[in-house]
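>>> need the 3D shape of this:
(one chain, ligands or ions: 1)
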Amino acid sequence: MQRRFRLIALLAALMLLGGCAQPSPAPDDTFTVVTSFYPMYVLTANVVGDAQGVELVNMAEQQTGCLHDYQLLPADMQALERADVFVINGAGMESFMSRVSEQFADLTVITASEGVEMILDAYGEPNAHVWLDPARAAQQVENIAGALAAADPQRAEIYRQNGTAYAQRLRELGEELRAQLADAPRRDIITFHEAFPYFAEAFDLNIAAVIEREPGSEPTTQEIARTVDIVREAGIKALFVEPQYPDRAAETIARETGASLYTLDPIVTGELSGDAYEEKMRQNAATLLEALGS
Ligand SMILES: [Zn+2]
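Below you'll find the predicted structure:
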């Protein structure tokens, strides 16, 4: 769907370049749902399911990762132009929202994290990565389903049924993984990028240190040295990197301390598939079991 949209956008751009500006295509019956980034796409895809006449478009490239400092691209603006609703995570993840509401004052925005209990950082700001707790992700799904039902009443029943079923599956997934991890003898983890406090809370893990506050901000040598001390003092054997970000600092710390590197996936990139959240969470739990188990 995204590819088809790109083609349309390209054709429209060519026509503009050619000096024959066309009015935008006539509105049709398609209900277009645009999601801000990968995890919102995956959750929303399960709510939409196979509802007829609904087009689901992910705005940011699926390999973009978190949107913390994301700048909207012309293609994003064109996607929003066509949107009937825009599903965002909220809690500050989409830092470009003031521009969106300026430009698209009438666009219905669905904030998936609304009413979800937030974990605050040292500065009192909410951490945005709420979807990494399956129970909170289930709440996000219910929010999305309720808001889609309100925005598109003719398919309300489908959204509600799909949303209820998927939210239930996510809660069960959370309980299943919590049970799997309950007996892991070690609970301290060190991560890179502040994506995991909700995950840690869900599975009773303790984040002993976060090495980079956000992707792209390299830790200083003092920060690395301090982390090496934490790893040594706490006897931490496992460091968790993310597939999306380079791990030079992690490699340095691993070399200095003899700890092993493992990959935890914050589910911000991947295949645009409805099963992705459950698969990646299971993989994360398996990784943790291996890393903390012995
Ligand atoms: Zn992030």
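
>>> using CSV, write down the CA coordinates of stretch 184-198.
Extracted C-alpha coordinates of stretch 184-198, given in CSV (Å, rounded to 0.1, in the frame of the first residue of the first chain):
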residue,chain,number,x,y,z
ALA,A,184,16.1,-16.3,36.3
PRO,A,185,18.8,-16.0,39.1
ARG,A,186,20.1,-12.6,38.0
ARG,A,187,17.9,-9.6,37.4
ASP,A,188,20.4,-6.8,36.6
ILE,A,189,20.6,-5.6,33.0
ILE,A,190,22.5,-2.8,31.3
THR,A,191,21.0,-1.4,28.2
PHE,A,192,21.9,1.2,25.5
HIS,A,193,19.2,3.8,24.8
GLU,A,194,16.4,4.4,27.3
ALA,A,195,13.9,2.1,25.7
PHE,A,196,13.5,-0.6,28.4
PRO,A,197,12.1,0.8,31.7
TYR,A,198,8.6,-0.5,30.9
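
>>> what about that stretch, average pLDDT?
Rounded to a whole number, the mean pLDDT of stretch 184-198 is 89.

>>> buried stuff in that stretch?
By neighbour count with 16 or more other CB atoms under 10 Å, stretch 184-198 contains the buried residues 184, 186, 188-198. (Glycine included, C-beta is placed from N, CA and C.)

>>> quick check: residues of this structure near the ion?
Within reach of the ion by CB under 5 Å from the ion, the chain has these residues: Cys66, Ala195.

>>> in helices, which of the buried residues of stretch 184-198 fall?
Among those, DSSP state H puts Pro197, Tyr198 in helices.

>>> just send the buried residues of stretch 184-198 back as a markdown table, with distance to Arg160 too.
Output for those, formatted as a markdown table (distance: CB to CB, whole Å):
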| residue | distance to Arg160 |
| --- | --- |
| Ala184 | 37 |
| Arg186 | 42 |
| Asp188 | 41 |
| Ile189 | 37 |
| Ile190 | 41 |
| Thr191 | 36 |
| Phe192 | 39 |
| His193 | 35 |
| Glu194 | 34 |
| Ala195 | 30 |
| Phe196 | 31 |
| Pro197 | 30 |
| Tyr198 | 25 |
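
>>> and the residue of the stretch 101-250 of the chain found nearest the ion, what does it touch?
Closest contact between the stretch 101-250 of the chain and the ion, by CB to the ion, is at Ala195 (4.9 Å). Ala195 makes contacts with Cys66, His129, Leu132, Glu242, Pro266, Val268, as judged by CB atoms under 8 Å, 6 or more residues apart in numbering.
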